[in-house]
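Participant: Kindly return the folded structure for what I paste below:
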Amino acid sequence: MREVIHEPAVVHESIETEFSLPCSLREVHDSENANTQFWRLKTEKSAIKVDKLQEDNIRLENLIKSREMRLKELEDLNAELLEKAQNLENSTDKNKSTSSSSTPSST
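Facilitator: All right, here's what the predicted structure looks like:
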């Protein structure tokens, strides 16, 4: 006598969990598989978020470095301009003192 094995029909409906992670009804019946699927999907979502945060962090670090370099350039330019202004002021003062000492005073 031959035994006939009837396998359950596969249902291709899908359900959503409270975390909106889709899984098929067949996977739900296998609790170990369901747990594995849940954590795999959950960690994938977390990994994607972490990757995005890391990319944003790198972008911000690069932006900070470029702004720091620009600030240093502007500070150097400011120091150069202050030095030129000081030299100009000193040369103007020397010209005034030279011109006042070379001008004969009328007494």
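
Participant: For the rest of this, base every contact and every neighbour count on C-alpha atoms.
Facilitator: Will do.

Participant: In what element of secondary structure is residue 57 found?
Facilitator: Here residue 57, judged by DSSP states H and E, is contained in helix 31-102.

Participant: What is that helix packed up against?
Facilitator: Applying 3 or more Cα pairs under 8 Å, 6 or more residues apart in numbering; DSSP states H and E, one finds that helix 31-102 makes contact with helix 25-29.

Participant: So for the helix it packs on, mean pLDDT?
Facilitator: Average pLDDT, helix 25-29: 54.

Participant: and residue 73, how many neighbours?
Facilitator: Applying the criterion other Cα atoms under 10 Å, we find 12 residues in the vicinity of residue 73.

Participant: cool, and residue 38?
Facilitator: The tally of other residues near residue 38 (other Cα under 10 Å) stands at 17.

Participant: What separation do you get for it and residue 48?
Facilitator: Counting by Cα to Cα, to the nearest Å, the separation of residue 38 from residue 48 is 15 Å.
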